[in-house]
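[1] Structural data only, the sequence is not supplied:
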């Protein structure tokens with residue numbers, strides 16, 4: 001990091017200018033080394049002032065850190081709030097993802113400060129509190145969408161945490177890799193959130209209402225008055241959004257119709273399978289009944305044969321006994 005130097009004219013900075021200088025130096029050092037790794041001595045040396053000057057303005061590095069954190073959180077929250085002002089749920093999701101990625105792209109140092117000492121899923125720390133604030137805004141949006149679609153709105157807080165956590169962790173990964181582009185990452189994020197794993201689009205793209213969008217934080221300075229040309233552009237943008245929203249509604253209605261038809265066909269197939277299985281079962285039972293009757297008849301025939309055989313044996317034994325009796329009578333006394 002290059003040290004911030006005084007102008008060659010050695011013009012003495014005003015209190016506000018010195019304060020802003022210390023904030024920017026502290027921001028760069030916190031991003032590079034973290035809060036614990038940054039000292040008041042280093043901040044003062046980089047600004048080419050004495051330590052008492054730092055203490056005079058902020059009371060120590062904690063004061064600078066608090067200002068930096070507050071600015072970064074307000075900037076990111078402002079971007080996300082703008083993104084969630086869109087009217088269609090899909091556009092809101094696209095723009096929220098773009099808002100975080102734009103912040104990372106434009107304020108990498110600030111994002112590193114927010115995530116350095118706290119993890120998005122840890123439940124504690126600065127970044128976790130920021131994610132919780134964003135999730136609260138998303139929760140309100142989801143609750144309305146859930147009611148409109150007949151889902152339980154009580155589940156909105158859980159789904160808000162899921163969506164925001166997914167986007168936040170992806171942003172932490174993209175902070176270092178920076179590939180693919182911001183819009184490509186946002187498109188793939190929305191693809192997973194909106195379509196789910198079973199219906200992923202192999203080539204996702206953002207809607208026309210979100211492509212090329214650049215949000216303005218609007219935190220540190222008041223916006224300039226809107227010119228007539230800008231007003232007309234905004235009106236055109238709104239018209240494009242309305243057309244895109246109407247197109248999305250039609251596509252959504254068609255998708256629901258297709259899903260309903262597919263469900264009905266699945267039910268018909270299942271009913272046919274059940275009927276077929278029932279017929280097969282009835283045939284099997286008939287075959288078993290016939291086989292049982294056949295075995296019963298065979299068993300009865302076998303018993304009849306055994307009875308006849310027993311009668312024949314008894315008749316033979318009777319004749320043999322009779323012959324022996326005659327022989328005994330015929331012998332001389």
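    Cool, got the structure. Small disclaimer: the values here were computed from a predicted structure and weren't measured.
[2] now for the least confident helix or strand in the chain by mean pLDDT, which elements pack on it?
    In the chain, the helix or strand scored least confidently by mean pLDDT, DSSP states H and E is helix 125-149, which has a mean of 79. Here helix 125-149 is seen to pack against helix 61-83, helix 89-106, helix 108-116, helix 156-177 when contacts are counted using 3 or more C-beta pairs under 8 Å, 6 or more residues apart in numbering; DSSP states H and E. Using the backbone N, CA and C atoms, a C-beta is placed for each residue, glycine as well.
[3] Mind doing that once more with 6 Å?
    helix 61-83, helix 108-116, helix 156-177 (3 or more C-beta pairs under 6 Å, 6 or more residues apart in numbering; DSSP states H and E).
[4] Which strands or helices does the shortest one pack on?
    What it means is helix 108-116. Packing partners of helix 108-116 (3+ C-beta pairs under 6 Å, 6+ apart): helix 15-33, helix 125-149.
[5] need those in CSV with distance to residue 301, can you?
    Shown next, in CSV, are those (distance: least, C-beta to C-beta, whole Å):
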stretch, distance to residue 301
helix 15-33, 99
helix 125-149, 71
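[6] Take those helices and write them to JSON lines, including mean neighbour count and distance to residue 84.
    Shown next, in JSON lines, are those (neighbours: other C-beta atoms under 10 Å; distance: least, C-beta to C-beta, whole Å):
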{"stretch": "helix 15-33", "mean neighbour count": "18", "distance to residue 84": "27"}
{"stretch": "helix 125-149", "mean neighbour count": "17", "distance to residue 84": "6"}
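[7] Spatially central residue in this structure, please.
    Central residue of the chain (C-alpha atoms, centre = their mean): residue 193, 4.6 Å from the mean position.
[8] How much space separates that one from residue 161?
    For residue 193, the distance to residue 161 equals 13 Å [C-beta to C-beta, to the nearest Å].
[9] Likewise for residue 141?
    Using C-beta to C-beta, we find residue 141 at a distance of 13 Å from residue 161.
[10] again, but for residue 56
    42 Å.
[11] These two: who's more crowded?
    residue 161 (16 against 13; other C-beta atoms under 10 Å).
[12] now the angle from whichever helix in the chain runs longest to helix 89-106?
    For the chain, the helix with the greatest residue count under DSSP state H is helix 228-330. Angle of helix 228-330 versus helix 89-106, following axes from the mean of the first three to the mean of the last three C-alpha atoms, to 10 degrees, is 120 degrees.
[13] quick one: low-confidence parts of the stretch 201-333 of the chain?
    Residues of the stretch 201-333 of the chain that meet the criterion pLDDT under 70 lie in 217-235, 237-238, 241-242, 244-245, 333.
[14] sorry, back to before: nearest to residue 288, out of the helices and strands packed on helix 108-116?
    Nearest of those to residue 288, taken as C-beta to C-beta: helix 125-149 at 50.4 Å.
[15] So residue 49: helix, strand or coil?
    coil (DSSP: H, G, I helix; E, B strand; the rest coil).
[16] Tell me how far the closest residue to it other than its chain neighbours lies from residue 214.
    Nearest residue to residue 49, sequence neighbours excluded (C-beta to C-beta, 6 or more residues apart in numbering): residue 18, at 7.5 Å. According to C-beta to C-beta, residue 18 stands 32 Å off from residue 214.
[17] ok, the residue found closest to residue 110 once you drop the neighbours it is linked to in the chain - how many residues close by?
    Setting aside the residues directly before and after it, residue 110 is nearest to residue 72 in space (C-beta to C-beta, 6+ apart), at 3.9 Å. When counting by other C-beta under 10 Å, one arrives at 25 neighbours for residue 72.
[18] thinking residue 72 is in contact with residue 111, fair?
    No: between residue 72 and residue 111 there is no contact under C-beta atoms under 6 Å: 7.4 Å.
[19] Below-threshold pLDDT in the stretch 51-200 of the chain: ranges please.
    For the stretch 51-200 of the chain, residues meeting the criterion pLDDT under 70 lie at 117-126.
[20] Tell me how this protein divides into domains.
    Following the assignment in automatic domain parsing, the chain carries domains at 15-59, 72-219, 232-301.
[21] With residue 313 as the reference, name the closest of those domains.
    Proximity to residue 313 (C-beta to C-beta) singles out domain 232-301 among the domains of the chain, at 18.6 Å.
[22] Report the distance from that closest one to the chain centre.
    28 Å (C-alpha atoms, centre = their mean, to the nearest Å).
[23] what's the answer for stretch 100-107, then?
    21 Å.
[24] Sort out which residues of that stretch are buried, please.
    100, 101, 102, 103, 104, 105, 107 (16 or more other C-beta atoms under 10 Å).
[25] you'd agree the first one is up against residue 173?
    No: counting by C-beta under 6 Å, residue 100 sits too far from residue 173 to count as a contact (11.9 Å).
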